[in-house]
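S.K.: Next one to model:
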Amino acid sequence: MAEKLVLYEKDPNTHVARITFNRPDKLNALVDEMYDLMREALDDAARDDEVKAVILRGAGGTFTSGQDMSVAYGWYGADAPQPGEKPKRPTQRRRLTYDRYAQAIYHDLYKHNKVLVAQVEGHALGGGLEFLLACDLCVVAEGTQMGMPAARFLGPVLGNLHLFFYRLGPVLAKDLLLTGRVADAAELADRGVFTRFVSKGAVEAETEALAAKVARMPADGIAIAKELFRLVQETPGMAQADVSEIIGHAFGTNLSFRPDEFNFVKIRAKVGTKKAFELRDAYFDRGEPVPDLD
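M.R.: Residues are numbered from 1 along each chain as shown. Now for the predicted structure:
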């Protein structure tokens, strides 16, 4: 049996799941089956209360080179011409139906209720760049190539323009889309696009460490934060700030904590403020377990 094109695993003990593009011989170029498998994995992680963070990565030292253009011209499934007829262009109805299906995965990432951490190396082109930008956190390796090269033959209106302008800024977004050039990650490293920018050999360890830190946060707090972060991102300027900050503080400071999550207020009541701070830092910085004070 052929290897699955997308691998999915999760560890209830660490609260981390991993989705891996598994087409390394093709630089993890994306085909429809990969979208379907990825969506199944994201849905499972969303429903699993034990999962707090999801790492998105690629096999073989590359994230993804984007859509597989060898199958791109079959996306819209135009009807085969009858004998003696010229090939027909697909209808706009068919194009819109397929594009709605293909673009849904990027919105699934952006709206996901768990913290998504992208482990990016090698290439993040086309859809790969969109995946990176749709994740909450990203660790990018030196030498990674990123951009929207398909703009040079499909045109510069590709992908989620709102996401590009929000994450990259209008100047860089227009640069990449209007030229179709591929940029080295080092060019973007100082622009606030990446969470971490590391050497090639450090990207996996740094991604795992970042996901582990996230997974020590309270699960309820993560769920509330994800919804509020999206609300703020989608609200222009400071509109509704007075409402969102009140709602966010009220819900976000009244959490239910699991036994393996650090409840500062409860621990402080037992050991005092100074010791509670020390235990908090040991929990988050060194990964020590929650102290048993009962």
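
S.K.: Can you tell me the element Asp99 falls in?
M.R.: Using DSSP states H and E, Asp99 sits in helix 92-110.

S.K.: After that helix, which helix or strand is next? Please name it.
M.R.: strand 115-120.

S.K.: That following strand: which residues count as buried?
M.R.: Val115, Leu116, Val117, Ala118, Gln119, Val120 (16 or more other Cβ atoms under 10 Å). (Glycine included, C-beta is placed from N, CA and C.)

S.K.: picking up where we left off before, for the helix holding Asp99, which outside residues touch it?
M.R.: 32, 35, 38-39, 42, 56, 75-78, 116, 127, 130-131, 134-135, 159-160, 163, 230 (Cβ atoms under 8 Å, 6 or more residues apart in numbering).

S.K.: Buried among the residues you listed? Make that a PyMOL selection.
M.R.: In PyMOL syntax, the buried subset of the contacts of helix 92-110 is picked out as below (16+ other Cβ under 10 Å):
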select buried, resi 32+35+38+39+42+56+75+76+116+127+130+131+134+135+159+160+163
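
S.K.: Going by distance to Val243, which of the buried residues of strand 115-120 wins?
M.R.: Val115 (24.4 Å; Cβ to Cβ).

S.K.: Report the beta-bridge partners for the closest one.
M.R.: Ala53 (DSSP bridges).

S.K.: Who are the contact partners of it?
M.R.: Val115 neighbours (Cβ under 8 Å, 6+ apart): Lys52, Ala53, Val54, Asp136, Leu137, Ala211, Val214, Ile222, Lys226.

S.K.: was I right about the third one contacting Lys114?
M.R.: Spelled out, that is Val54. Yes - with contacts counted by Cβ atoms under 8 Å, Val54 reaches Lys114, the gap being 5.2 Å.

S.K.: So for those two, which sits in the more crowded spot?
M.R.: Val54 (28 against 23; other Cβ atoms under 10 Å).

S.K.: Tell me the pLDDT of the more buried one.
M.R.: The model reports Val54 with a pLDDT of 98.

S.K.: Number the residues from 7 up from this point.
M.R.: Happy to do that; since the first residue is 7 now, the last one works out to Val60.

S.K.: Can you verify Arg63 is assigned to a helix?
M.R.: No - according to DSSP: H, G, I helix; E, B strand; the rest coil, the state of Arg63 is strand, so it is not within a helix.

S.K.: coming back round to it: and the buried residues of strand 121-126 as JSON lines, adding distance to Pro176 and pLDDT?
M.R.: Shown next, in JSON lines, are the buried residues of strand 121-126 (distance: Cβ to Cβ, whole Å; pLDDT from 0 to 100):
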{"residue": "Val121", "distance to Pro176": "27", "pLDDT": "98"}
{"residue": "Leu122", "distance to Pro176": "24", "pLDDT": "98"}
{"residue": "Val123", "distance to Pro176": "26", "pLDDT": "98"}
{"residue": "Ala124", "distance to Pro176": "22", "pLDDT": "98"}
{"residue": "Gln125", "distance to Pro176": "28", "pLDDT": "98"}
{"residue": "Val126", "distance to Pro176": "23", "pLDDT": "98"}
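
S.K.: Closest one of the contacts of Val121 to Leu261?
M.R.: Checking these one by one against Leu261 (Cβ to Cβ), the nearest turns out to be Ile228, at 9.8 Å.

S.K.: what comes into contact with the helix or strand where that closest one lies?
M.R.: Counting by DSSP H and E, the element that carries Ile228 is helix 225-239. With contacts defined as Cβ under 8 Å, 6+ apart, helix 225-239 is touched by 21, 55, 58, 116-121, 142, 172, 220, 246, 250, 253-254, 257-258, 261-264, 267.

S.K.: Give me the ChimeraX select line for the residues you listed, limited to the buried ones.
M.R.: To isolate the buried members of the contacts of helix 225-239 in ChimeraX, using 16+ other Cβ under 10 Å:
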select :21,58,116,118,119,120,121,142,220,254,257,261,263,267
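
S.K.: Against Glu56, how distant is the closest residue in space to Gly258 that isn't next to it in sequence?
M.R.: Distances taken as Cβ to Cβ, 6 or more residues apart in numbering put Ile230 closest to Gly258, at 5.2 Å, once the chain neighbours are dropped. For Ile230, the distance to Glu56 (Cβ to Cβ, to the nearest Å) stands at 18 Å.

S.K.: Helices of the stretch 157-300 of the chain, residue ranges please.
M.R.: According to DSSP state H, counting those that start in this stretch, the stretch 157-300 of the chain carries its helices in the segments 157-160, 167-174, 176-185, 191-194, 209-220, 225-239, 247-258, 270-277, 279-292.
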